[in-house]
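# My questions are about this predicted structure, shown below with the sequence.
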Amino acid sequence: MYTSTRDSKLSLTSQQALKTGFAPDGGLYVLPTFPQLDLRQMLAVPYQEQAVQVLLALLPDFGEATVRQAVTAAYGDNFASAEITPVKTVGRIHYLELFHGPTSAFKDIGLQLLPRLLQASLAAKDRVLILAATSGDTGKAALEGFKDVPQTGIAAFYPDGGVSPIQERQMTTTGGDNTAVAAISGNFDDAQTAVKAMLNDRALAAKLAPAQLSVANSINIGRLAPQVVYYFAAYRQLVQAGTIQVGEAVNFTVPTGNFGDVLAGYYAKQLGLPVNKFIVATNANSEVADFLATGVYDRNRQFLKTSSPSMDIQISSNLERLLYYKSNGDSALVAQLMQSLAETGRYQVPADLLAAIQEDFIGDKAVDHEVEAAIRSVADAQDYLMDPHTAVGYVVQQRLAIAGPTVLLSTASPFKFPQVVAEAALGEHYSDGFEAMQVLSAAYQLPIPAPLAQLADLPVRHHQLLAPEQMPDFVRQLAKEVL
């Protein structure tokens, strides 16, 4: 049974946790203990079967037939690679490419599966409105996943001017009869805070009834659980390539903002994957990296817009789950820390808790000029293009130089950030992202992912700009229209 990070007395099934998304006390849903998967068995099967085994372990009350059906539907012809998440070794770097799905970002791994799992958990009378606060990639992946899914609607909120032009166009051109998109005056944290407030707003819930709210961010365990799979997939590919032996521990470098991607790796380790260190890479918004070094989480600092906008986040929600696990399930402590964060913008963990976290995690940051230099050097030396988020991870991985085989998670296609990549790799500035895409494609003999290539011809369907306090009214109106 699942419980809340802030109240160990709360208990509910994985289906209930997935459907509600967010605990009523403001905490996140967690499975208190992890089962152990058979590593050799996991390494003997393809991605889809690995996904089935991980989901049955983490979402135990979904039946096997339901899980298999959802996995088959989620990971098929909509991914451009048969491996789903292939490992590409370039020089001495092992890139785990997570961007071969329909929106060219790692969020597709969870958001192609979550809608199918959610639908399986709904009764005929149920109606659910999904909320997605996004720093760039979650929004489009969620919109694409939930588009026209029966019994659901979806609203995606992104910071105005805080995503790349291509990311914005991906969202604002979204079709479907149950989708809505709005820019928010403010940053990602403002959007995420407003979404969390709506999820715990009883008055709003009463007005929406019988429909209920849920969430597509990685605070939803149904979004997070599928991401665990690609860690096992990467390990299997390294074993098959002869890079490592079965049982050998590896490192994973993870560019992160909301801490969900790297937390999924920690879940994989708890399920039995041999991992030495998780190398957490942040951009100049370095609250998480600083916390891993000092034990102090402090968001009372200037918010910075960077060339890696999907990581421009100051409140990393999934870190709360790690605090729960590393404190041996001390929900009272977690609640106290989160209250301090809400009231003062900071908290400090006890020394023993920090030491426990540092056993598995180490972090550092990369600023924009380092990111651009990394993109240029790898493009020049290897003819390989990194998007700016992957380049953040590359810089931190090279600087920390943790011993042992290391996998760098490549979180998005370089064509999602073509102007940044073109200026870094080719030294040319392009005001038009689609022109930059064409130049990069020609220069590096790479095909532009079809959904991105088609964006220029799609009409913009969503034009809203809201203040955060206007979001509840927007959600009420959407519920009337689509549910």
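In hand now; what should we look at? Since we're looking at a predicted model, the values are computed, not measured. Numbering: from 1, shown residues only.

# Would you mind putting the CA coordinates of stretch 5-15 into CSV?
Once side chains and other backbone atoms are set aside, the C-alpha atoms of stretch 5-15 remain, and they are given as CSV (Å, rounded to 0.1, in the frame of the first residue of the first chain):
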residue,chain,number,x,y,z
THR,A,5,5.7,11.3,2.6
ARG,A,6,4.2,13.5,5.3
ASP,A,7,1.8,11.1,7.1
SER,A,8,2.6,7.4,7.5
LYS,A,9,-0.9,6.7,8.7
LEU,A,10,-2.4,7.4,5.2
SER,A,11,-2.8,4.2,3.2
LEU,A,12,-4.1,3.6,-0.3
THR,A,13,-3.6,1.4,-3.4
SER,A,14,-1.3,2.2,-6.3
GLN,A,15,-4.4,2.7,-8.5
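
# ok, and what's touching that stretch?
When contacts are taken as Cβ atoms under 8 Å, 6 or more residues apart in numbering, the neighbours of stretch 5-15 outside the stretch itself are 1-4, 20, 23-32, 58-62, 121, 221, 320-321, 323-324, 329, 331, 334-335, 338. Quick note: C-beta positions are derived from backbone N, CA and C, even for glycine.

# Spit out the contact partners of residue 376.
Residues touching residue 376, when contacts are defined by Cβ under 8 Å, 6+ apart, comprise 424, 425, 427.

# Which ones among the residues you listed lie within helices?
Within those, membership in helices is found for 424, 425, as judged by DSSP state H.

# Buried subset of the contacts of residue 376, written for PyMOL?
In PyMOL syntax, the buried subset of the contacts of residue 376 is picked out as below (16 or more other Cβ atoms under 10 Å):
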select buried, resi 424+425
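
# From the contacts of residue 376, pick the one nearest residue 225.
Of all the contacts of residue 376, the one sitting nearest residue 225 is residue 424; the distance, using Cβ to Cβ, is 34.6 Å.

# Contact partners for the closest one?
Residues touching residue 424, when contacts are defined by Cβ under 8 Å, 6+ apart, comprise 371, 372, 373, 375, 376, 379, 388, 391.

# got those residues as JSON lines, with distance to residue 297, secondary structure and pLDDT columns?
As requested, the contacts of residue 424 are arranged in JSON lines below (distance: Cβ to Cβ, whole Å; DSSP: H, G, I helix; E, B strand; the rest coil; pLDDT from 0 to 100):
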{"residue": "371", "distance to residue 297": "24", "secondary structure": "helix", "pLDDT": "98"}
{"residue": "372", "distance to residue 297": "28", "secondary structure": "helix", "pLDDT": "98"}
{"residue": "373", "distance to residue 297": "29", "secondary structure": "helix", "pLDDT": "98"}
{"residue": "375", "distance to residue 297": "30", "secondary structure": "helix", "pLDDT": "98"}
{"residue": "376", "distance to residue 297": "33", "secondary structure": "helix", "pLDDT": "98"}
{"residue": "379", "distance to residue 297": "35", "secondary structure": "helix", "pLDDT": "97"}
{"residue": "388", "distance to residue 297": "24", "secondary structure": "helix", "pLDDT": "97"}
{"residue": "391", "distance to residue 297": "25", "secondary structure": "helix", "pLDDT": "98"}
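
# Which single one of those is nearest to residue 78?
Out of the contacts of residue 424, the one with the shortest distance to residue 78 is residue 388. That distance is 25.1 Å, counting by Cβ to Cβ.

# burial measure for the closest one, as a count.
By the other Cβ atoms under 10 Å criterion, the neighbourhood of residue 388 contains 29 residues.

# how about the strands in the stretch 301-450 of the chain?
Secondary structure of the stretch 301-450 of the chain by DSSP state E, counting those that start in this stretch: the strands cover 346-348, 361-365, 406-410.

# quick one: contacts for residue 253?
Taking Cβ under 8 Å, 6+ apart as the contact definition, residue 253 lies against 279, 281, 393, 394, 396, 397, 406, 407, 408, 409.

# pLDDT averaged over the helix or strand harbouring it - what is it?
Residue 253 belongs to strand 250-255 when elements are defined using DSSP states H and E. Per-residue pLDDT values over strand 250-255 give a mean of 98.

# before we move on, the earlier item: keep only those of the contacts of stretch 5-15 that are in helices.
The helices in this structure, assigned by DSSP H, contain 20, 58, 121, 221, 320, 321, 323, 324, 331, 334, 335, 338 from the contacts of stretch 5-15.

# Correct me if wrong: the fifth one contacts residue 28.
Yes. With contact defined as Cβ atoms under 8 Å, residue 320 and residue 28 form a contacting pair (5.5 Å).

# Which one's more surrounded, those two?
In this view residue 320 and residue 28 are compared by other Cβ under 10 Å, and residue 28 has more residues nearby, 26 against 23.

# count of neighbours near the residue lying closest to the more buried one once chain neighbours are set aside?
Nearest residue to residue 28 in three dimensions, chain neighbours excluded: residue 5, at 5.0 Å (Cβ to Cβ, 6 or more residues apart in numbering). Taking other Cβ under 10 Å as the neighbour definition, residue 5 ends up with a count of 27.

# how is this structure carved up into domains?
With domains defined by automatic domain parsing, the chain comprises 87-104+224-449, 113-217+450-483.

# between the ones you listed, which has the poorest average model confidence?
Of all these, domain 113-217+450-483 has the smallest average pLDDT, which comes to a mean of 93.

# next one: that domain to chain centre, how far?
Distance of domain 113-217+450-483 from its chain centroid, counting by Cα atoms, centre = their mean, to the nearest Å, is 16 Å.

# and that domain, how far apart are its ends?
According to Cα to Cα, to the nearest Å, domain 113-217+450-483 extends 21 Å from its N-terminal end residue to its C-terminal end residue.

# Start the count at 695 instead of 1 going forward.
Shifting the count to begin at 695 puts that one at domain 807-911+1144-1177.

# Verify the contact between residue 912 and residue 804 for me.
Yes. Under the criterion of Cβ under 8 Å, residue 912 is in contact with residue 804, at a separation of 7.1 Å.

# These two: which has the busier surroundings?
Counted by other Cβ under 10 Å, residue 912 and residue 804 do not tie: residue 804 has more neighbours, with 29 against 25.

# For the more buried one, which residues are in contact?
For residue 804, counting by Cβ under 8 Å, 6+ apart, the contacting residues are 835, 912, 916, 917, 918, 919, 920, 921.

# Next: residue 968.
With contacts taken as Cβ under 8 Å, 6+ apart, residue 968 has the following neighbours: 733, 929, 941, 942, 943, 944.

# Turn the domains of the chain into a markdown table, including distance to residue 748.
Rendered in a markdown table, the data for the domains of the chain read as follows (distance: least, Cβ to Cβ, whole Å):
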| stretch | distance to residue 748 |
| --- | --- |
| domain 781-798+918-1143 | 5 |
| domain 807-911+1144-1177 | 11 |
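
# and residue 737, which of those is closest to it?
If we rank the domains of the chain by Cβ to Cβ, the stretch that ends up nearest is domain 781-798+918-1143, at 4.7 Å.

# Now the terminal residues of that closest one, how far apart.
As for domain 781-798+918-1143, its first-to-last residue distance stands at 18 Å under the measure Cα to Cα.

# what ranges do the strands span in the stretch 845-994 of the chain?
Along the stretch 845-994 of the chain, counting by DSSP E, counting those that start in this stretch, strands occupy 846-853, 873-878, 906-909, 944-949, 969-976, 990-992.
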